[in-house]
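> predicted model follows, preceded by the sequence.
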Amino acid sequence: MLTKSLVSSGSMLLSPLCIPYGYASSPGLPFNNSLCFKGRKDQRNIVCACVAPPPNIGSDGFSATKFTDSYKPEELSRIGEPEDDCDVLIECRNVYKSFGEKHILRGVNFKIRHGEAVGIIGPSGTGKSTILKIIAGLLAPDGGEVYIRGKKRDGLISDEEMSGLRIGLVFQSAALFDSLTVRENVGFLLYENSSMSEEQIEDLVTETLAAVGLKGVEDRLPSELSGGMKKRVALARSIIFDTTKETIEPEVLLYDEPTAGLDPIASTVVEDLIRSVHIKGEDALGKPGKIASYVVVTHQHSTVRRAVDRLLFLHEGKVVWQGMTHEFMTSTNPIVQQFASGSLDGPIKY
Ligand SMILES: Nc1ncnc2c1ncn2[C@@H]1O[C@H](COP(=O)(O)OP(=O)(O)OP(=O)(O)O)[C@@H](O)[C@H]1O
């Protein structure tokens, strides 16, 4: 059974298309793996409106928020924020989320600005992935608001028209469709939604795979790829877009533990790829990246070091510290110190 949604495929690009019923509420299981490739038969309308990029990007491409180290989590989101918010792409304002008796998010506040590379870190189970799903519109918050380019989102992404921003979620598992080839996985959205010809899509898929350093794998099935290759294919799927459209909305990519399960060298490759597809980066073909901003949930030191500029530290349902990556390690905030002194996975002891 298919239902219309703004949510898409496994490295999930949140543009409108038809997905199997229930996908939006089960983001970890994006598709039935026995799903048959639909090809070009059922094309759907794209409903995204197009908005010009924000005009006020600083010379460094982004403006980060810095905070003092005094531990007052409830005030952190307001201290030191730039006054001008017109480059804010995504804002979580006082977001709450519970699962039954488990109160996971308890007033989360932060903004993601155009050009930013942001990491979310914190102890296990503190709600990092939950935040990504809320930003992506796969989960609705119980309280608070999510603003997409200043427009308050009501309900789930599948319930509404999204305009002005594409949001992609790259799952930890890569979430490729096992029964589809790499070409079909990467081109999935375009086959389903665009007016591009099959030849155009094939060429674009090949080019996009090359941009993430993969060549000659178009006809392979996911089972024939290594873990690192699967993540690259998922990344390719999340950055491909309809080149025949006159205006392309800026895109924010959300990565949920993109280097989990990879060896250090494969992790480095993925971390560099994340950088390379960003607007401040350069892809494997030497072209500038297209991703306006990204958010990475990670437990890996190397990912923090290599792939992000600013950090949000989530603890007990709140952002208790945010600042530039290099400031994290030297922070005098006692909670940050406790966390940073162990591994990033380490439990925090009071
Ligand atoms: N759909 C759900 N139903 C019930 N509980 C859930 C659901 N999604 C998440 N949780 C619970 O919410 C808590 C936060 O989960 P989440 O995956 O967001 O944490 P996390 O910080 O990303 O953890 P980790 O670092 O271990 O991946 C966990 O206790 C998890 O079991």
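Cool, the structure landed.
> could you tell me the end-to-end distance of stretch 283-298?
Stretch 283-298 has its terminal residues 22 Å apart, counting by C-alpha to C-alpha, to the nearest Å.
> ok, now which ones touch residue 255?
Shown in contact with residue 255 (C-beta atoms under 8 Å, 6 or more residues apart in numbering): 170, 274, 294-298. For every residue, glycine as well, the C-beta is placed using N, CA and C.
> that one belongs to a helix, doesn't it?
No - counting by DSSP: H, G, I helix; E, B strand; the rest coil, residue 255 is not found in a helix; it is strand.
> so that it lines up with my notes, have the first residue be 261 from now on.
Sure thing, new numbering starts at 261, so read that last one as residue 515.
> ok, so of the contacts of residue 515, who is nearest residue 441?
Of all these, residue 441 sits closest to residue 430, with 19.3 Å by C-beta to C-beta.
> surely the closest one meets residue 496?
No - in this structure, residue 430 is not within contact of residue 496 by C-beta atoms under 8 Å, at 10.3 Å.
> and this protein, which residues reach the ligand?
For the chain, the residues in contact with the ligand (C-beta under 6 Å from any ligand atom) are 359, 362, 364, 384-390.
> just put these in a markdown table and tack on distance to residue 576, secondary structure and neighbour count.
Putting the residues of the chain next to the ligand into a markdown table (distance: C-beta to C-beta, whole Å; DSSP: H, G, I helix; E, B strand; the rest coil; neighbours: other C-beta atoms under 10 Å) gives the following:
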| residue | distance to residue 576 | secondary structure | neighbour count |
| --- | --- | --- | --- |
| 359 | 15 | strand | 11 |
| 362 | 12 | strand | 10 |
| 364 | 10 | strand | 20 |
| 384 | 13 | coil | 9 |
| 385 | 10 | coil | 10 |
| 386 | 7 | coil | 20 |
| 387 | 9 | coil | 27 |
| 388 | 12 | helix | 24 |
| 389 | 16 | helix | 21 |
| 390 | 13 | helix | 22 |
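> number of nearby residues for residue 538?
For residue 538, the neighbour count with other C-beta atoms under 10 Å is 24.
> number of residues surrounding residue 558?
Number of residues near residue 558 (other C-beta under 10 Å) recorded here: 24.
> list the residues that contact it.
So residue 558 contacts 379-381, 515, 517-519, 564, 567-568, 604 (C-beta under 8 Å, 6+ apart).
> for the ligand, state which of those is nearest.
Each of the contacts of residue 558 was checked against the ligand using C-beta to the nearest ligand atom; the closest is residue 517, at 6.6 Å.
> so that closest one makes contact with residue 567?
No - between residue 517 and residue 567 there is no contact under C-beta under 8 Å: 11.8 Å.
> among the contacts of residue 558, which are located in strands?
379-381, 515 (DSSP state E).
> now the buried members of these.
379-381, 515 (16 or more other C-beta atoms under 10 Å).
> identify the farthest-apart pair in the contacts of residue 558.
Farthest-apart pair in the contacts of residue 558 is 515 and 604; separation 15.3 Å (C-beta to C-beta).
> what does stretch 467-480 contact?
441-443, 446, 462, 465-466, 485, 489, 492-493, 495-496, 499-500, 529, 533, 536-537, 543-545, 547.
> let me see the mean pLDDT of it.
On average, the pLDDT along stretch 467-480 is 89.
> which positions in that stretch come out as buried?
Buried residues in stretch 467-480, counted by 16+ other C-beta under 10 Å: 468-469, 471-474, 477-478, 480.
> return the member of those nearest to the ligand.
Nearest member of these to the ligand, counting by C-beta to the nearest ligand atom, is residue 472, at 24.3 Å.
> please report phi then psi for the closest one.
In terms of degrees, to the nearest 10, the main-chain angles of residue 472 are phi -100, psi 20.
> buried sites along stretch 585-600?
585, 587-588, 591, 593, 595-596, 599-600.
> which among these gets closest to the ligand?
residue 599 (12.4 Å).
> what helix or strand is the closest one on?
Residue 599 is part of helix 594-601 when elements are defined by DSSP states H and E.
> CA atoms only: put that helix into CSV for me.
The C-alpha coordinates for helix 594-601 follow below in CSV (Å, rounded to 0.1, in the frame of the first residue of the first chain):
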residue,chain,number,x,y,z
PRO,A,594,31.7,20.5,34.5
ILE,A,595,29.3,18.3,32.6
VAL,A,596,31.3,18.9,29.3
GLN,A,597,34.5,18.2,31.2
GLN,A,598,33.2,14.9,32.5
PHE,A,599,32.0,13.9,29.1
ALA,A,600,35.1,15.0,27.2
SER,A,601,37.4,13.4,29.7
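> just the mean pLDDT for it, thanks.
On average, helix 594-601 scores 80.
> so how far is that helix off the chain centroid?
Put simply, helix 594-601 sits 26 Å off its chain's centre (C-alpha atoms, centre = their mean, to the nearest Å).
> who does it touch, helix- and strand-wise?
strand 570-575, strand 578-584, helix 585-589 (3 or more C-beta pairs under 8 Å, 6 or more residues apart in numbering; DSSP states H and E).
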